[in-house]
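**Q** Requesting a structural model of the entry that follows:
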Amino acid sequence: MNRRMIARLIAYTLIIEVIAMLPALGISLAHQESDSVRGFLLSIGIILACCALLLLFRPRSKTFYAGEGFVTTALSWIIISLFGALPLWLSGAVANPVDCFFEIVSGFTTTGASVLSDVESLPRGILYWRSFTNWLGGMGVLVFLLAITSTQKKGEGSSLHLLRAESPGPIVGKLMPKLKQTAVILYAIYLVMSLLELIFLLAGGMPLFDSFCTVFATAGTGGVCIKNDSMMSYSPYLQTVVGIFMALFGVNFSIFYLLLTRQFARALFDEEVRAYLAVMAVSVLLITLNILPLYHTFGEALQHSFFQVASIITTTGYVTADYGLWPGFSQTILLLLMAIGACAGSTGGGYKISRLLISFKSVKKEISRMLHPRAVKAVHMNGKTLDNTVTKGVSVYTTVYCAIILLSFLLISLDNQGILTNITAVLSCTNNVGPGMDAVGPSGNYNVFSNFGKIILALDMLLGRLEFFPMLILMMPSTWKRKSLH
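**A** Predicted coordinates:
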């Protein structure tokens, strides 16, 4: 295992984290938040000291293998979460260290779950930092690192291991021949869409600070709130803008690249995008009809239905209404959307539409094989035959997904909360959604759980954001044997 190279990459990610803290420090200084300034300065000093230690170990080789890519990714996310929680704790904004860790893991993993009942009481610098972790974690810290560092041709394979370990979805490849170009394109699309949303929000009268924080949380599909009522107090126009952009950020970013390069046919006939839009449309219609008696007009019911469907399927977690008061049918649809999630290659979490399609196609193939044993059948996506390793990977992922959810559900049940609270908390955290139902619904928060329960749910967030395998590989004893990753 190339431990020295892993240490160097972790140091680079920590340097990115320090740079990301500087605007929050500036906001704290501008608003004369002395406790926050102290918290950020101490945190930056501690992180830089650790970076200096890690950089002392010069790698003999810059090449590393797939397993090392998984280990680097998992360690990086754990470490930036631990250090990212320091400003909350050292400033005194959040007293419990476990709560600090939970909040920042929720931010970086774009979950948006919170243990805080009064976020509006937090200093502005801390509010900004919580929101910006959503934006940075949405596309991925290591993808950002690949975008801003030069990549040698011989290092392309090594860098691709990082991209695959951090990017969501069953199929990860390069948009361009060089990996750095792919990373730059991804972040360019991400930045442009973020700026467009910012313009629309400012045009609707949203304050500048609120606009930036809302864009960070929408783009990362994280939904970290700066208001106690999430998006409820904003105008219908602002809610609609956020709803539309949530839906857009739930689309595979390669589709936007195809549109930019005028490959309209490939973009418009992509099976995953068509399924994603169909699921959204049907869900919005069914929920609108179901909740219509609760609202004055069809338009009002449609607006709330669209916003909540877009928020839940993209795993953003913003709310404009307490859906815990909606009929059971609507809540059930939202619960299913919570598990399904958005498209692969988007900033959204969940099981992913592409995996659902591949699973259905695999079932259809097996049924056909039973009826016609001699027939040769294959699974196709977008007119292309999928390799058996992809379909096998989806099956393995599904098994791990179910196992993690069941184990986590069992463990947090030790806190003696209700079954609906427990299962939706696990589903929400594993799928990086944010709010669940019952005690962890839109009107509640995750402070109902003990420190043990919060740690389990924080691990679920990390497992879900990295799609399990980097974290599981990190925890395997065989991973740390000298030649196990080669």
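
**Q** Restrict stretch 9-25 to CA atoms and write it as PDB.
**A** Below are the C-alpha coordinates for stretch 9-25, written out as PDB (Å, rounded to 0.1, in the frame of the first residue of the first chain):
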ATOM      1  CA  LEU A   9      -3.500  13.300  -0.900                       C
ATOM      2  CA  ILE A  10      -5.200  13.700   2.400                       C
ATOM      3  CA  ALA A  11      -3.000  16.700   3.200                       C
ATOM      4  CA  TYR A  12      -4.100  18.300  -0.100                       C
ATOM      5  CA  THR A  13      -7.800  17.800   0.700                       C
ATOM      6  CA  LEU A  14      -7.200  19.400   4.100                       C
ATOM      7  CA  ILE A  15      -5.500  22.400   2.400                       C
ATOM      8  CA  ILE A  16      -8.700  22.700   0.200                       C
ATOM      9  CA  GLU A  17     -10.700  22.600   3.500                       C
ATOM     10  CA  VAL A  18      -8.600  25.400   4.900                       C
ATOM     11  CA  ILE A  19      -9.200  27.600   1.800                       C
ATOM     12  CA  ALA A  20     -12.900  26.800   2.000                       C
ATOM     13  CA  MET A  21     -13.000  28.100   5.600                       C
ATOM     14  CA  LEU A  22     -11.500  31.500   4.700                       C
ATOM     15  CA  PRO A  23     -14.800  33.100   3.400                       C
ATOM     16  CA  ALA A  24     -16.600  31.900   6.600                       C
ATOM     17  CA  LEU A  25     -13.800  33.400   8.700                       C
END
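
**Q** which residues in the stretch 1-150 of the chain form helices?
**A** Along the stretch 1-150 of the chain, counting by DSSP state H, counting those that start in this stretch, helices occupy 3-30, 34-55, 66-84, 86-90, 97-108, 124-139, 141-148.

**Q** which one of those helices lies closest to K392?
**A** For K392, the closest of the helices of the stretch 1-150 of the chain is helix 66-84, at 16.1 Å, according to C-beta to C-beta. The C-beta positions use only the backbone N, C-alpha and C, and glycine is treated the same way.

**Q** what comes up buried for that closest one?
**A** The neighbour-count check on helix 66-84 (16 or more other C-beta atoms under 10 Å) flags 66-81, 83-84 as buried.

**Q** now it: how far from the chain's centre is it?
**A** Its chain's C-alpha centre and that of helix 66-84 lie 15 Å apart, by C-alpha atoms, centre = their mean, to the nearest Å.

**Q** who touches stretch 288-303?
**A** Around stretch 288-303, the neighbours that count as contacts under C-beta atoms under 8 Å, 6 or more residues apart in numbering are 236, 239-240, 243, 284, 304-306, 320, 325-327, 329-330.

**Q** wait, what's in contact with G434?
**A** Neighbouring residues of G434 by C-beta under 8 Å, 6+ apart: 106, 111-114, 222-223, 315-317, 428.

**Q** can you do 10 Å?
**A** Applying C-beta atoms under 10 Å, 6 or more residues apart in numbering, we find G434 in contact with 106, 110-114, 217, 221-225, 230, 311-312, 315-319, 338, 349, 428, 440, 442, 446, 461.

**Q** repeat for S305
**A** Contacts of S305 (C-beta under 10 Å, 6+ apart): 283-292, 295, 320-321, 323, 326, 330, 333-334.

**Q** swap in V215?
**A** Each residue near V215 by C-beta under 10 Å, 6+ apart is listed here: 131, 134-135, 193-202, 206, 242, 245.

**Q** just Y446 next, same as before
**A** The contact partners of Y446, by C-beta under 10 Å, 6+ apart, come to 99, 102-103, 106, 111, 113-116, 421, 425, 428-429, 434-436, 439-440, 453-454, 457-458.

**Q** nearest residue to it other than its sequence neighbours?
**A** Excluding its sequence neighbours, the residue lying closest to Y446 (C-beta to C-beta, 6 or more residues apart in numbering) is V115, at 4.8 Å.

**Q** Tell me if I'm right that I456 and V426 touch.
**A** Yes - counting by C-beta atoms under 10 Å, I456 sits close enough to V426 to count as a contact (8.5 Å).

**Q** More neighbours: which of these two?
**A** More crowded of I456 and V426, by other C-beta atoms under 10 Å: V426, with 26 against 22.

**Q** Who are the contact partners of the more buried one?
**A** Applying C-beta under 10 Å, 6+ apart, one finds that V426 lies in contact with 404-413, 436, 440, 456-457, 460, 464.

**Q** Sort out for me which of the residues you listed are in helices.
**A** Using DSSP state H, the subset of those located in helices is 404-412, 456-457, 460, 464.

**Q** and the gap between the residue lying farthest from the centre of the chain and S368?
**A** What lies farthest from the middle of the chain is R374; by C-alpha atoms, centre = their mean that is 43.2 Å. R374 sits 11 Å away from S368, going by C-beta to C-beta, to the nearest Å.

**Q** can you pull the buried residues of stretch 216-231?
**A** Residues 216-226, 230-231 are the ones in stretch 216-231 that count as buried (16+ other C-beta under 10 Å).

**Q** So for stretch 311-331, mean pLDDT?
**A** Throughout stretch 311-331, pLDDT has a mean value of 95.

**Q** start to end distance for it?
**A** With C-alpha to C-alpha, to the nearest Å as the measure, stretch 311-331 spans 13 Å from end to end.

**Q** how far is it from where the chain is centred?
**A** Relative to its chain's centre, stretch 311-331 lies at 18 Å (C-alpha atoms, centre = their mean).

**Q** Tell me where the model's unsure across the protein.
**A** 62-64, 142, 144-180, 482-486 (pLDDT under 70).
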